[in-house]
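Colleague: Just a sequence and a predicted model for now, questions to come.
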Amino acid sequence: MMFQPVLPLGGFAGWSFLTRTMDSQKGAYAKSPEVAREVKYFEENIGKVKTAEDLVSDRTLLKVALGAFGLSDDIDNKYFIRKVLEDGTLTDDALANKLSDKRYLKLSQAFGFGDYPVPSTGLSDFGSKITTAFKERQFEAAVGNQNENFRLAMGIDRDLAEIANKDLKEDTLWFTVMGNPPLRKVFETAFNLPTSFGSLDLDKQLATFKDKAQAAFGDSGIKQFATPEKQEDLTRLFLLRADVQALNVDTGGSQIALTLLQNMSNGRSGLF
């Protein structure tokens, strides 16, 4: 039986428990038979893969490859994934460069089928790098099966920190976040934006994100999230907003929602 993460509580209290027990739970999950079997298979066989066709033709290899980049839902979109991989990333018209979801770009860059004469699959440490990411993402998916908000929160310190540390202009960093569906969901929820927000002009979306960030955190940029303190502030705000939205409070319950947010802010006056 697959190991199931232990999540006795929801909300920020449940998140605090998960973070305290994260290392031990991840270790136990990685040792579960199915995950261990898939990791072993990938590391033993990925070196034999020379083309994108080789990869998509082996379902287990493809499962691990996609899972490492949070793209598990594309397991049956073989033609699409093959095209992403074969096009590479070095030309403007490559499919990965045209897609707003930049996880495909990272996938194509990592494997290198369309970028180099010899793909990365031939590197001695390539298999272990991919399986390490796979185990991380699979644990997140297992958490998400019980609490989707926790899964999204787990990506903040990894994905957002990576973006925040890039030497790019703030607007470019925001567009990168906007092109990452999980992170975008975190910010949309934290800022209490409507579901129709994504249909606005991109420049209007950017301006709104920056205004909301300034109001919530005292800084309109993404680079502030390079620090663990600001990551925690965002995580707290995201989880509290998600809880309030889940309550679907009406006008009569608005004071309850306000009290919940105030009590859980722990004195962080800049958050709300």
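Modeller: Done, it's in.

Colleague: Tell me where the chain is predicted with low confidence.
Modeller: Per-residue confidence of the chain (counting by pLDDT under 70) places the weak regions at 1-2, 248-272.

Colleague: what residue is smack in the middle of it?
Modeller: Taking Cα atoms, centre = their mean, the centroid of the chain lies closest to Gly155, which sits 4.3 Å from it.

Colleague: Could you find the closest non-adjacent residue to that one?
Modeller: The spatially closest residue to Gly155, leaving aside those adjacent along the chain, is Pro182, at 4.9 Å (Cβ to Cβ, 6 or more residues apart in numbering). Backbone N, C-alpha and C define where each C-beta goes, glycine included.

Colleague: The one you found: what's it in contact with?
Modeller: Applying Cβ atoms under 8 Å, 6 or more residues apart in numbering, one finds that Pro182 lies in contact with 70, 151-152, 155, 159.

Colleague: Quick check: the two most widely separated of the residues you listed?
Modeller: Taking Cβ to Cβ as the measure, the contacts of Pro182 span a maximum distance of 12.0 Å, between Arg151 and Asp159.

Colleague: just checking, Ser220 touches Asp211?
Modeller: Yes. Using Cβ atoms under 8 Å as the test, Ser220 is close enough to Asp211 to be in contact (7.1 Å).

Colleague: So for these two, which sits in the more crowded spot?
Modeller: Neighbours around Ser220 and Asp211, counted as other Cβ atoms under 10 Å, are more numerous at Ser220. The numbers are 17 against 12.

Colleague: And that one, how far from Phe209?
Modeller: Note on Ser220: its distance to Phe209, by Cβ to Cβ, to the nearest Å, is 8 Å.

Colleague: List the buried residues of the host helix or strand of the residue nearest to Gly155.
Modeller: The secondary structure element spanning Pro182 is helix 181-190 (assigned by DSSP states H and E). Applying a neighbour-count criterion of 16 or more other Cβ atoms under 10 Å, one finds 182-190 buried in helix 181-190.

Colleague: what about Asn192, which SS state?
Modeller: Here Asn192 takes the coil state, with states given by DSSP: H, G, I helix; E, B strand; the rest coil.

Colleague: and the closest residue to it other than its chain neighbours, how many neighbours?
Modeller: Taking Cβ to Cβ, 6+ apart as the measure, Asn192 lies nearest to Arg241, with 5.7 Å between them; neighbours along the chain are not counted. Residues near Arg241, counting by other Cβ under 10 Å, number 21.

Colleague: got the angle between the host helix or strand of Arg241 and helix 181-190?
Modeller: Assigned by DSSP H and E, Arg241 belongs to helix 228-247. Inter-element angle recorded for helix 228-247 and helix 181-190: 70 degrees (by axes from the mean of the first three to the mean of the last three Cα atoms, to 10 degrees).

Colleague: what packs against helix 228-247?
Modeller: helix 11-30, helix 148-154, helix 181-190, helix 202-217, helix 254-264 (3 or more Cβ pairs under 8 Å, 6 or more residues apart in numbering; DSSP states H and E).

Colleague: Give me the buried positions along the shortest one.
Modeller: Going by neighbour count (16+ other Cβ under 10 Å), the buried part of helix 148-154 is 149-154.

Colleague: And stretch 200-214, by the same measure?
Modeller: Neighbour-count burial for stretch 200-214 flags 205-206, 208-210, 212-213 (criterion: 16+ other Cβ under 10 Å).

Colleague: quick one: that stretch to chain centroid distance?
Modeller: Stretch 200-214 sits 21 Å away from the centroid of its parent chain (Cα atoms, centre = their mean, to the nearest Å).

Colleague: contacting residues around it?
Modeller: The list of residues contacting stretch 200-214 from outside it, by Cβ under 8 Å, 6+ apart, reads 170-171, 174-175, 177-178, 187, 191, 193, 197-198, 219-221.

Colleague: How many neighbouring residues does the closest residue in space to Ala226 that isn't next to it in sequence have?
Modeller: Residue nearest to Ala226 in three dimensions, not counting chain neighbours: Ala164, with 4.0 Å by Cβ to Cβ, 6+ apart. As a burial measure, Ala164 scores 20 neighbours (other Cβ under 10 Å).
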